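In: Structure of the sequence below:
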Amino acid sequence: MSRPRSARPLAARLGTTATAAALLMASGLAFTGTAQAASSKGAHPSGHGNAKVYPTKEFADAHRSGGPKAASQAAGSGPLHYGGGVDGIGVTTGAPKTYIVFYGSQWGTQSTDANGNLTFTGDPKGLAPRVQQLMKGIGTNNELWSGVMTQFCEGVASGATSCPASAAHVGYPTGGTFAGAWYDPSAASPSQATGHQLAVEAVKAAGHFGNTTAASNRNAQYVVVSPTGTKPDGFNTATGNFCAWHDWNGDTSMTGGAAASSYGDVAFTNLPYLTDAGTSCGQNYVNAGTAGTLDGVTIVEGHEYSETITDQNPAGGWTDTTGYENADKCAWVGVGGTGGAQNVAFANGSFAMQSTWSNDANGCQISHPIVTNGTGANTVTVTNPGAQTSTVGTAVSLQIQATDSASGQTLTYSATGLPAGLSINASTGLISGTPTTAGTSSTTVTAKDTTNASGSASFSWTVNPAGGGTCPAGQKLGNPGFETGTAAPWTASAGVVDSSTSQAAHSGSWKAWMDGYGATHTDTLSQSVTLPTGCSSYTYSFWLKITTAETTTTTAYDKLTVAVGSTTLATYSNLNKGTSYVQRSFNLASYAGQTITLKFTGTEDASLQTSFLVDDAAVNVS
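Out: Next comes the predicted model:
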C-alpha cells in the first residue's frame, strides 16, 4: 500500500579557508588554512548554495580586512541583524536538542564506552565519543559559553539588532544539549555525499528518534557525521574549502536539491571526519600534542551548533550585513583573552571552543550572562560540588551552594539522578538521606529564582556496596543463544524462539525471531537478571539482524525497542535493515546491585514484513 509523504527543506554550511569570505556568508566553519564564512545570502564554494559554511583557517585569515596579519580581527561588518524568520522560525527558542548520526557502514563495529558513548572500530582518532561528550557537556556546570547566544531572539522586527526582555530568546541547554546518538550502517556513506543526501539522512534520523512532527523538530538539530576517508559535499578537496556547514532540509540550493520531510523543517549539520584535514580544520589550534588532536572537532561543531540555534533556518535568524553569522565573525581569531578560542570547562571536562559574536559587547565573547525568556539577564550560578562517593547504608549530607546576580531573590532547588535513598530540600538545597543501592549516577542539581532564571551543575555520584567485596565476574544471562530449543528463562511470545532455516541463526541453530508477518503484530522477549556489585564493567550485548520488505529510506514503520525496565536503551526499525548480524552493546553499570528486566518489543504495521532476529545475547560483568 502507498503511504503519503510531504516535503519541507532546511540548510547551512561551514567552509574552508580558501573560500571563507564567501562561506562566512553562510552558516559554516572553514578549514583553519583558508577562511571562515557563513551566510545564507552570500556566495559559497563548491556549489554550497545557501548553506552556512565554516571556512578553513587559512582562507579566513586571507580574507579578513588587512590580510593574514589581521587574524585577531572579527570578520564581517557590524552587528548582527534579525532576518525575519523562515517558515516562521528564526532561532531555537526552547532548550536545544542535538542528535548525532554516524552515517555509513565504514564506521565499523559499534560498542559503548564507560561514559555511555557510541564507539567504533572505524574511528581511528576517537572523533565519535569526543563529539558526544561535547554535546553532553554544553549546558552543564552553569557554563556561560552558551550564554552568549541567549541574548538573541525572534519575534522582533526584521533588521533589529537587540531583543527586549519579553522576546522569545535562544534557549539555554540546561543539563546538556545531547539528545541521542545513532549509528546507521544500513549502507556505506557515499565517497562524496551531496547536500541532498546528507539532508535525507538527517530526515531519516528524525524518524529514527521518533521526532515525526514539526513541533518535535522545532528545537532539534541533527549532526550528520561522516566516516574517515569520505569527502561529504566536497570536504577536503581542492575546491571544497570548508570544515563543516549547517543547513535545513528545504534549501533548494543544496547540491542535489532540497530533501523532502513529512516531519516539518529539519535543521542539520554536515560534520566531516575533521582530522582528515589536519590543522586546516583546527587540529592543535588551542592545545599542543595529543591533547589537541581533536581541538578542531569541538571548535568546529561548537561553531555549527551556535549558528544553528541563532539562525536555525538560514538566513531567517541573525546575520550581519555581509551575511556572516555569530560564529563566522569570530572564527580563527586567535587563542585566549575575551574573544579568542580557549578551553571551556563543562561538567564532564574541558573542550577547545571558539568565541561567538555578542551584539551586547560589540565583539567576540567566550562567555555572557544567561538571558532567560521574559526576564532580564538574571544569572543563577550553582557551585559544582564535584564527584561524590558514598556507601550503601551510610548517611549522606551535602549542601548545594547557589547565588543569584539579582539581590533579594529566593531560590528553589531540585535534582535529577540522585542515588536511591537521597533527596534534596527544595528550600535549602541540602541533599540528605541514606543510599540504598550501589551504582553510579549522573546527578544534576538546579536552582531557580522567582523570575524563572536558573542555573545547574552536573556531577557523578558513586555509591559503593557496604563492606566492599570482590566482583563475581562472568556472563549472567540464562540460555543466551536459545540453544536449549525453548525460551526459559526468557519469557517470549509464541513462535519467537525458532530454528527454521529460512532465517539463519548467528551461531548454532536457534535464535529469537520477532515479527515478520507483514500484518499488525507485536512480539516480546524478556529476561530478568541480577547484577552484582563490586565490578568495574557491566556490558549487555546481543547480535541483531533486520530484514524487511519495506522500501522507504526515510520512515520507520516497523520497530524493535530494547529496554531495561521502563528505560529505552535503543530503537531499531526497518531503516536499519542489513544482510548480516550486527553486535549491539550497552553499559549497564548504573544498574549494579539491582535485579533488572531486559526486554525486546517488536511492533509491525499492517503491511510489508520486517523481521527482527536476535541471537547470542550476553550480560558480561568483570
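
In: OK, contacts around residue 106?
Out: 122, 188, 189, 227, 228, 229, 230 (Cβ atoms under 8 Å, 6 or more residues apart in numbering). Glycine gets a C-beta too; all of them are placed from N, C-alpha and C.

In: Looking at those residues, point me to the pair that's furthest apart.
Out: Greatest spatial distance in the contacts of residue 106: 188 and 228, 12.7 Å, computed using Cβ to Cβ.

In: returning to that earlier point: so which of the contacts of residue 106 sit within strands?
Out: Among the contacts of residue 106, the subset assigned to strands under DSSP state E is empty.

In: Apply the buried test to the residues you listed and list what passes.
Out: 122, 189, 227, 228, 230 (16 or more other Cβ atoms under 10 Å).

In: Which of these fall in helices?
Out: Of the buried ones among the contacts of residue 106, none are assigned to helices by DSSP state H.

In: just these now: which is nearest residue 562?
Out: Closest approach to residue 562 among the buried ones among the contacts of residue 106 (Cβ to Cβ): residue 122, at 22.8 Å.

In: Could you report the pLDDT at the closest residue to the closest one other than its chain neighbours?
Out: Among residues not flanking residue 122 along the chain, residue 108 sits closest, at 3.3 Å (Cβ to Cβ, 6 or more residues apart in numbering). With respect to pLDDT, residue 108 scores 96.

In: can you pull the contacts of residue 108?
Out: So residue 108 contacts 120, 121, 122, 123 (Cβ under 8 Å, 6+ apart).

In: Counting by contacts, list what the helix ranked longest in the chain packs against.
Out: Longest helix in the chain by number of residues (criterion: DSSP H): helix 295-310. Here helix 295-310 touches strand 10-13, strand 28-31, strand 52-56, helix 127-137, strand 220-225, strand 242-248, strand 267-271, strand 349-353, going by 3 or more Cβ pairs under 8 Å, 6 or more residues apart in numbering; DSSP states H and E.

In: So in that sheet, which strands flank the helix or strand just after the fourth one, and in what orientation?
Out: Looking back up the chat, that one is helix 127-137. Later in the chain than helix 127-137, the nearest helix or strand by DSSP states H and E is strand 153-154. Within its sheet, strand 153-154 is paired with strand 168-169 (antiparallel), according to DSSP bridges.

In: after the strand it pairs with comes which helix or strand?
Out: Counting by DSSP H and E, the element after strand 168-169 in chain order, helix or strand, is strand 178-184.

In: ok, and what's touching that following strand?
Out: With Cβ under 8 Å, 6+ apart, strand 178-184 has contacts from 97-104, 107, 110, 117-118, 120, 132, 135-136, 138, 201, 204-205, 208-209, 220, 575-576.

In: PyMOL command for the buried members of the residues you listed?
Out: To isolate the buried members of the contacts of strand 178-184 in PyMOL, using 16+ other Cβ under 10 Å:
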select buried, resi 97+98+99+100+101+102+103+104+107+110+117+118+120+132+135+136+138+201+204+205+208+209+220+575+576
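
In: now, which of the contacts of strand 178-184 lie within helices?
Out: Filtering these for helices - DSSP H - leaves 132, 135, 136, 201, 204, 205, 208.

In: farthest-separated two in those residues?
Out: Longest distance between any two of those is 23.1 Å, between 136 and 204; criterion Cβ to Cβ.

In: Out of the helices and strands packed on helix 295-310, which is closest to residue 419?
Out: Residue 419 lies closest to helix 127-137 among the helices and strands packed on helix 295-310, at 19.7 Å (Cβ to Cβ).
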